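*Asks:* got a sequence here, can you model it:
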Amino acid sequence: MILEFQTKRVKAFKDAFSTEAGKIVLQDLVKECGLFRNSFTGDINSALINEGKRNVLLYILSIINVDLPTLLKMVEDNRKEISNDE
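*Replies:* Predicted coordinates:
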């Protein structure tokens, strides 16, 4: 029963984030949750909030099993998109 639930959960996450919309959301989460930024900003409360955001993203990434090269490409694509909008 637990294994069946876990299998369905993993499939649901992968289905959600494999769509074009899901990829856009994931790319935004990578940016907004500070995956590649230092969580500590000088204020402990802000650091705890930042680390909480980062942990949620890490949870999602672990479920959908995204590798580092894919994440780095998302970050680079996000940078290109921002520079094209300016």
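
*Asks:* contacts, neighbours, all on C-alpha from now
*Replies:* OK.

*Asks:* and the top helix by length along the chain, how far from the chain's centre?
*Replies:* Across the chain, the helix with the greatest residue count (assigned by DSSP state H) is helix 44-64. Relative to its parent chain, helix 44-64 has a centroid offset of 9 Å by Cα atoms, centre = their mean, to the nearest Å.

*Asks:* can you check stretch 64-74 too?
*Replies:* The chain centroid and the centroid of stretch 64-74 are separated by 9 Å, computed with Cα atoms, centre = their mean.

*Asks:* ok, residues contacting that stretch?
*Replies:* 10, 13-14, 17, 27, 30 (Cα atoms under 8 Å, 6 or more residues apart in numbering).

*Asks:* cool, stretch 10-19 as well?
*Replies:* Judged by Cα under 8 Å, 6+ apart, the contacts made with stretch 10-19 from elsewhere in the structure are 22-23, 25-26, 60, 63-64.

*Asks:* swap in 6 Å and give it another go.
*Replies:* Where contact means Cα atoms under 6 Å, 6 or more residues apart in numbering, the residues beyond stretch 10-19 that reach it are 22-23, 63-64.

*Asks:* looking at those, state which has the most neighbours.
*Replies:* Of the contacts of stretch 10-19, Ile64 is surrounded by the most neighbours, 19 neighbours in total, counting by other Cα atoms under 10 Å.

*Asks:* send me stretch 8-22 as CSV with only the CA atoms.
*Replies:* What follows is the C-alpha trace of stretch 8-22 in CSV, where atoms were taken according to Å, rounded to 0.1, in the frame of the first residue of the first chain:
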residue,chain,number,x,y,z
LYS,A,8,1.7,7.3,-7.7
ARG,A,9,3.2,10.3,-6.0
VAL,A,10,6.4,10.1,-8.0
LYS,A,11,4.5,9.7,-11.2
ALA,A,12,2.2,12.7,-10.3
PHE,A,13,5.3,14.9,-9.7
LYS,A,14,7.0,13.8,-12.8
ASP,A,15,3.9,14.3,-14.9
ALA,A,16,3.3,17.8,-13.5
PHE,A,17,6.9,18.9,-14.0
SER,A,18,7.4,17.3,-17.4
THR,A,19,4.9,19.6,-19.2
GLU,A,20,6.0,22.9,-20.7
ALA,A,21,4.1,24.7,-17.9
GLY,A,22,5.7,22.5,-15.3
